[in-house]
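In: no sequence on this one, just coordinates:
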């Protein structure tokens, strides 16, 4: 069986989080594909960098330096092999150089298209994929960063709320991921982004890495999808507002999508779409409570004695 595991930014916010994620992956016996979000706070920094570049070109070097120092520090704190650390930073610096050119382009032209915005905000996931792959390798797990736009995550032409093209993904993304798996290597796939039919970078919207993971699971006919967060799955209400909120053990695809659409931030609303036809189960799992903090999402949910299963807004 192939399993797809997606780790959100909250699971990848510091050295201990990366080590914790590595231990979870190390314990897997199935062939595994990893999908990652940007490190916590990085996407917001990239959005800010666009606004700063539009205001003045003088802000660009600072924005790039902040991103470089953040990932350099993570590299130093998580990758012990010096040669592997240098290779990692070469990959990140190569992408930072391109990002810098894009930001200067915005500053000089005082314009930004939707496609250019999508390209810029995709860099957080790129940095994370290379970083986590290096951390896995440093722990003895063969791994390789895979950038989704280059690996066959083909979408329609909507730059900021794209949808996969099923036939292209089933062929191109599948071939890329299976080739890596067959080498005995764990693919660490960038979430959130893809490539349009015309070769432009597209994104799946905020928190779109959940959808990316579902598309990857669809492409390789995975037996299950696990979405790792910092929460105990879906709750009966927002626990920040309702202290007595409880975890929901099981939801149907429809229930999970509806709750997400109307405000529950546990899951991207479109995550269930690629997996409904085959009935692939989705598990929301808590990285801080892996044995108990889980919601299972399947074709059919179940009725509860309380009638109302959850409240969101």
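Out: Nice, thanks for sending it over. Predicted, not measured: the structure shown is a model, and the values here were computed from it. Residues are numbered from 1 along each chain as shown.

In: least trustworthy helix or strand in this protein by mean pLDDT?
Out: The weakest-scoring helix or strand in the chain, judged by mean pLDDT, DSSP states H and E, is helix 253-261 (a mean of 86).

In: counting contacts, what elements does it pack onto?
Out: On a contact count with 3 or more Cβ pairs under 8 Å, 6 or more residues apart in numbering; DSSP states H and E, helix 253-261 meets strand 294-298. Any C-beta I mention is one placed from the backbone N, CA and C, and that applies to glycine too.

In: 7 Å instead, please
Out: Using 3 or more Cβ pairs under 7 Å, 6 or more residues apart in numbering; DSSP states H and E as the contact test, no helix or strand touches helix 253-261.

In: The very next helix or strand once past it vs strand 294-298, what angle?
Out: As assigned by DSSP states H and E, the chain's next helix or strand after helix 253-261 is strand 282-286. Interaxial angle of strand 282-286 relative to strand 294-298 (axes from the mean of the first three to the mean of the last three Cα atoms, to 10 degrees): 170 degrees.

In: which strands and helices sit next to strand 282-286?
Out: Contacts defined by 3+ Cβ pairs under 7 Å, 6+ apart place strand 282-286 against strand 224-229, strand 294-298.

In: worst average pLDDT in these?
Out: Per-stretch averages of pLDDT across the helices and strands packed on strand 282-286 put strand 294-298 at the bottom, with a mean of 92.

In: Please tell me how far that strand is from the chain's geometric centre.
Out: Mean-position distance between strand 294-298 and its chain equals 19 Å (Cα atoms, centre = their mean, to the nearest Å).

In: Need the contact partners of stretch 300-313.
Out: Here stretch 300-313 makes contact (Cβ atoms under 7 Å, 6 or more residues apart in numbering) with 234-237, 248, 250-252, 255, 259, 262-264.

In: Distance to residue 199 and neighbour count added to the residues you listed, as CSV?
Out: CSV is the format used below for these (distance: Cβ to Cβ, whole Å; neighbours: other Cβ atoms under 10 Å):
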residue, distance to residue 199, neighbour count
234, 38, 25
235, 41, 21
236, 45, 18
237, 44, 17
248, 42, 24
250, 41, 19
251, 38, 26
252, 38, 17
255, 38, 19
259, 36, 22
262, 35, 12
263, 35, 11
264, 35, 19
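
In: which two in these are spaced the farthest apart?
Out: 250 and 263 (20.3 Å; Cβ to Cβ).

In: For the residue lying closest to residue 229 once chain neighbours are set aside, give its distance to residue 273.
Out: Among residues not flanking residue 229 along the chain, residue 8 sits closest, at 5.5 Å (Cβ to Cβ, 6 or more residues apart in numbering). When distance is defined by Cβ to Cβ, to the nearest Å, residue 8 is 19 Å away from residue 273.

In: More neighbours: which of the two?
Out: Neighbour count, other Cβ atoms under 10 Å: between residue 8 and residue 273, residue 8 has more, with 23 against 17.

In: close enough to count as contact, that one and residue 231?
Out: No: taking Cβ atoms under 7 Å as the contact criterion, residue 8 and residue 231 are not neighbours in contact, 9.8 Å apart.

In: Show residues contacting whichever helix or strand residue 70 is part of.
Out: In the assignment (DSSP H and E), residue 70 maps to helix 60-78. With Cβ under 7 Å, 6+ apart as the test, helix 60-78 has contacts from 15, 18, 45, 49, 52-53, 85, 88-89, 92, 96, 99-100, 103-104, 107, 127, 131, 135.

In: Take these and keep only those in helices.
Out: 15, 18, 45, 49, 52-53, 85, 88-89, 92, 96, 99-100, 103-104, 107, 127, 131, 135 (DSSP state H).

In: residues contacting the closest residue to residue 250 other than its chain neighbours?
Out: Distance criterion Cβ to Cβ, 6+ apart; nearest residue to residue 250, sequence neighbours excluded, is residue 296 at 4.8 Å. Counting by Cβ under 7 Å, 6+ apart, residue 296 touches 249, 250, 281, 283.
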